[in-house]
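[1] With the input below, show me the fold.
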Amino acid sequence: MTTTTHHRSTPTYLLPGGLSPFQNKLYRHLIDWKWAHGIKEPGKFRKTNKAGVVVEYLYDAMLPEDFATEQRWPHLHPAAASQLRRHMGRNKFRIHNHFYHMASSQAANLNLFLPLLIHRDAAAILRALRPDFASLATDALDNGYCVEYWGGNFAPSGGKLKDASPLRDKTARTGTDADIAIAYRNLAGELCLWLVEHKLTEQEFTACGGAKSKGRTAHHSCAHGLGDILADKSLCYYHDVNKYAYWDITEANRELFVGHAAHTSCPFKGGMNQLWRNLLLARALEAQGDYKHVFFSVVRHPDNHALDGSLKTFQELIGGHPSFSTLTSREVVVAAERLDDPELNAWAQWYRDLYKV
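    Numbering: from 1, shown residues only. Predicted coordinates for the structure are as follows:
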């Protein structure tokens, strides 16, 4: 049974409840952009309630269903859309469930990086963000980049995804990946990798799913600190049951977590879990030896300060280690604008208009 609910929070916009002031402001802006581009129909969000009834909500910030059915992407820049269609021929990654939401972080990430990576001055732009960036390594990955990179995207088909995953956590629907990976050569000519996680309106990073798994036993406990868990990794459900490599890689990089004594329980139960897993992916890839250095960055919307707490705590946990950094999407746009290139300026204005940057 399906019922349709018009969740109208104001006389003008169909919005979900519980939005933060920043989310509310950006959602309204994105809806205005959508309407200005001739898309007036709301999208549908379906959720099964406790009674087993599928409730259908209409939201203005979502694209109508036919856009997903027909793979139409009005919220992607033309350069990003054309690159994405080509890239998907080589990299069979999963489009996110909320990709057809105007506030999709996956779409925003593609809009931010793909037009720059195919530009003739890509190296100059990215060097402003990573000073060691000498040239895009177009002979690595797919012309120097990979969307939703988990470490085995281009591995020969036929084997188990988990076996190709450095963290041993990859399945068809889950696992740790970076929103985009960029291969480059540094000033010394060494092949390096830059992993980027992009956040648009999210209020927190992904927390640990193992901490609330129904398969947990009394032995599995998040009440222990990092040192205790390293002494007995079976305390972690993900290690004990799923056989993920998170704690093995943490042990190999123990010196990185210099601030762990400030956490009497597992520091990775909440929002730092995603940051931890992505940094572990970077460390594991570097240990494999194909890349001399692997770095991980979070790129967020400049007005999204909900993530500041987790980012600050994580920086303190790892003692400000240079393998991790944060920046805003505005910084990326400004780096491109500094070249004063007509093509880049047109893209930058389009991006600023869409995301209110």
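[2] burial of the residue found closest to G259 once you drop the neighbours it is linked to in the chain, as a residue count?
    Leaving aside its chain neighbours, G259 sits nearest to L317 (4.5 Å; criterion: C-beta to C-beta, 6 or more residues apart in numbering). Glycine gets a C-beta too; all of them are placed from N, C-alpha and C. By other C-beta atoms under 10 Å, 24 other residues sit near L317.
[3] what sits against L317?
    The contact partners of L317, by C-beta atoms under 8 Å, 6 or more residues apart in numbering, come to 257-260, 262-263, 267, 272.
[4] SS state for E202?
    coil (DSSP: H, G, I helix; E, B strand; the rest coil).
[5] ok, it to L307 distance?
    7 Å (C-beta to C-beta, to the nearest Å).
[6] coming back round to it: most neighbours out of the contacts of L317, which is it?
    Neighbour max across those (other C-beta under 10 Å) = M272, 23 neighbours.
[7] helix/strand/coil for the nearest residue to that residue once chain neighbours are set aside?
    Leaving out its chain neighbours, the residue that sits closest to M272 by C-beta to C-beta, 6+ apart is F314, at 5.1 Å. Recorded secondary structure, F314: helix (three-state DSSP).
[8] pretty sure F314 is touching F324, no?
    Yes: in this structure, F314 is within contact of F324 by C-beta atoms under 8 Å, at 7.4 Å.
[9] Mind listing the shared neighbours of those two?
    Common neighbours of F314 and F324 (C-beta under 8 Å, 6+ apart) are L275.
[10] Domain map for this structure?
    2-66, 76-207+270-355, 210-262 (automatic domain parsing).
[11] and those domains, which is most packed in?
    Most buried of the domains of the chain, by mean neighbour count (mean count of other C-beta atoms under 10 Å): domain 76-207+270-355, with a mean of 18.
[12] State the distance spanning the first to the last residue of that domain.
    Using C-alpha to C-alpha, to the nearest Å, the end-to-end distance of domain 76-207+270-355 comes to 12 Å.
[13] now stretch 48-65
    Using C-alpha to C-alpha, the two ends of stretch 48-65 sit 18 Å apart.
[14] Averaged pLDDT, it. What do you get?
    In this model, stretch 48-65 has an average pLDDT of 93.
[15] what separates it from the chain centre, distance-wise?
    Relative to the mean C-alpha coordinate of its chain, stretch 48-65 is positioned 24 Å out (C-alpha atoms, centre = their mean, to the nearest Å).
[16] Kindly report the same for stretch 144-152.
    For stretch 144-152, the distance to the chain centre is 12 Å (C-alpha atoms, centre = their mean).
[17] for that stretch, what is the average pLDDT?
    pLDDT averaged over stretch 144-152 gives 97.
[18] Then stretch 222-241?
    98.
[19] again with stretch 281-298
    98.
[20] can you give me the end-to-end distance of that stretch?
    End residues of stretch 281-298 are separated by 14 Å (C-alpha to C-alpha).
[21] which residues sit against that stretch?
    130, 150-151, 166-167, 176-178, 183, 186, 190-199, 245, 249, 252-253, 256, 275, 278-279, 307, 311, 322-327.
[22] mean pLDDT for the domains of the chain: which is lowest?
    Minimum mean pLDDT among these: domain 2-66, a mean of 88.
[23] List the residues that contact I39.
    I39 sits in contact with 63-64, 74, where contact means C-beta under 8 Å, 6+ apart.
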